[in-house]
Structures are given as C-alpha cells and as structure tokens.
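S.K.: Quick one, what's the 3D model for this:
(one chain, ligands or ions: 1)
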Amino acid sequence: MAFMIITIDGPAGAGKGTLASHLAKIYNLRHLDTGLLYRAVAFRMLQASIKAVERQEAFKVASSLKREDLDNPSLRDESIGNLASEISVYPEVRESLLKFQQDFAKEGLSDTRGAVLDGRDIGLVVLPDAPCKIFVTASAEVRAKRRLKELHEKGIDSIYETILEDIKMRDARDRNREVSPLRPADDAFILDTSELGINEVIEKACLFVDLKYPQAKKKA
Ligand code: C5P
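M.R.: Residues are numbered from 1 along each chain as shown. Reported below is the predicted structural model:
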C-alpha cells in the first residue's frame, strides 16, 4: 500500500478536525491537529504570565515544546485559541514548530503508516509536496452556528454575535498575516461544507483521496 499523506487546511470551525479524525480512522493514518501546537505554546505562555507581545519569549516557549504538551484538554478553550492566533503571526514561532510537524509526517515511513495533518498552512508550507491536499471551508455564519451548538452541548452559555465576531477576527488575522497566510494550495481540493452534513463531507473527501491514492485500503 502507498504511504499516504493527507493535508487538510481551512479557517477556524470549518470542520477540518472532524474530517481529519474520520479520514485517519478510515485509512488507518496517524493524525496531528497542528492547531494544538500553537495552542500549547499559548497555554504555556499564559501559565508563565507571558504576554502575546513578548515575541522573544513566545519563540523560546515554541522551541521547547514537547509532545506531552499537546495532551491537555484545556488547550481547546476559546481564550487559548485567541492567544494562539496572536502568536502564530511570528515567523520564528512558526519556523520552530515546522520541524515538529514535518517529523510527525515522516515518522511513519518506517512502518508504512501514513498521516493526516490539519491546520492552516500544511499544504502550502509544512508539506508542499503532499499529493493529497484538501481545503475545507464554510461561511463565517455557518461556522459560528456550529460553534454555538458545540458550546451549548457542553453546557457553556454563549452569544452568537460574539462568536461570529471572534471567528471573523481570527479569519482576518490568519488570512492577512505576512508569513504563511491562510489560503489554499493551487492543487488543493476545495471542499465547502456550508451546506453539507458530515457524512457528505466525508464521502466527497474520500472520493478525492481515492483518486490521489487509488491503492488506499479503507477500513470497512
Ligand atoms: O485550528 P485551531 O483553532 O486550533 O488553531 C488555533 C490558531 O493557531 C489558529 O487561529 C491559527 O492562528 C493558528 N494556527 C496556525 N497554523 C496552523 C494551525 C493553527 O497558524 N497550522
């Protein structure tokens, strides 16, 4: 079976993570949610009372990041996401997280188990030679509604307008930053999930993956 690498990029809340974990199960791949790296840096900065503007300190934290730092449920908190987005504009922070991500992708070469990585710049910067790139997107309004539902299910009270504002702010920051701005690679399959249910999203993504890796084995 071919060694598979799938990259999934897209804005916050478009459904990258859900799609990536399904594809990992279907094709038996290792999965790295690269947003967790930026979130783990943000989390350690908060713990050490380092502010987002302290660029050199952010770089130091990023350079000393360990795999264990990713196993922390608090990384998913909204406040961590915002700080993660602020420090992700620093080129030296991005550079020091680059190798971590590339090493993860290569790791399976020895056991032929490929990987799926999801984030913002995986197809363009981290793994530009990956044969199978997917860019997942959805309107800001749809993403805000999904996020609101998720939070309500967790029993967290939230306001739609605040979430929408937050999503728009993060989009603008991710799209307009100088280094690795969020945009699809030329050879990426653009998957707009605004009007699709999760099963349709998975179905469409699998059609593309099977096209790129005709020998891929799917789990029943
Ligand atoms: O995807 P998630 O919301 O967990 O990512 C948090 C933040 O980390 C994003 O808003 C983005 O600014 C940054 N990020 C990035 N590049 C990645 C993954 C995440 O800049 N590959």
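S.K.: Tell me the spacing between the closest residue in space to Asp192 that isn't next to it in sequence and Asn28.
M.R.: Excluding the flanking residues, the one nearest Asp192 by CB to CB, 6 or more residues apart in numbering is Thr137, at 5.3 Å. Just so you know, the C-beta spots here come from the backbone N, C-alpha and C atoms, and that holds for glycine as well. Between Thr137 and Asn28 the computed distance is 27 Å (CB to CB, to the nearest Å).
S.K.: out of the two, which sits in the busier spot?
M.R.: Neighbours were counted for Thr137 and for Asn28 using other CB atoms under 10 Å; Thr137 has more, 19 against 14.
S.K.: got the contact list for that one?
M.R.: Contacts for Thr137 were tallied using CB atoms under 8 Å, 6 or more residues apart in numbering; they are 10-11, 14, 190-194.
S.K.: Look up phi and psi at Ile159.
M.R.: Torsion angles at Ile159 (phi, psi; degrees, to the nearest 10) stand at phi -110, psi 130.
S.K.: Can you report how many residues neighbour Lys212?
M.R.: So Lys212, with other CB under 10 Å, has 18 neighbours.
S.K.: Ramachandran coordinates for the residue nearest to it when sequence neighbours are not counted?
M.R.: Distances taken as CB to CB, 6+ apart put Cys132 closest to Lys212, at 4.0 Å, once the chain neighbours are dropped. Here the main-chain torsion angles of Cys132 (degrees, to the nearest 10) amount to phi -120, psi 100.
S.K.: and Cys132, what are its bridge partners?
M.R.: Note on Cys132: beta-bridge partners by DSSP bridges are Ile6.
S.K.: Would you check how far apart Met45 and Lys217 are?
M.R.: To Lys217, Met45 is 42 Å away according to CB to CB.
S.K.: Please say which of the two ends up with more neighbours.
M.R.: More crowded of Met45 and Lys217, by other CB under 10 Å: Met45, with 23 against 11.
S.K.: Quick one: name whatever helix or strand follows the strand or helix carrying the more buried one.
M.R.: For Met45, the host element (DSSP states H and E) is helix 35-47. Going down the chain from helix 35-47, the next helix or strand is helix 55-63, by DSSP H and E.
S.K.: So the helix or strand bottoming out on mean pLDDT in the chain, near the ligand or not?
M.R.: Ranked by mean pLDDT, DSSP states H and E, the weakest helix or strand in the chain is helix 78-87, scoring a mean of 89. Yes. Contact of helix 78-87 with the ligand (CB under 6 Å from any ligand atom) involves 81, 84-85.
S.K.: for the residue positioned nearest the centre of the chain, what are its contacts?
M.R.: Nearest to the geometric centre of the chain sits Gly119, at 2.4 Å (CA atoms, centre = their mean). Residues near Gly119 by CB under 8 Å, 6+ apart: 8-9, 16, 33-35, 101, 126.
S.K.: now these: which count as buried?
M.R.: Buried by 16 or more other CB atoms under 10 Å: 8-9, 16, 33-35, 101, 126, out of the contacts of Gly119.
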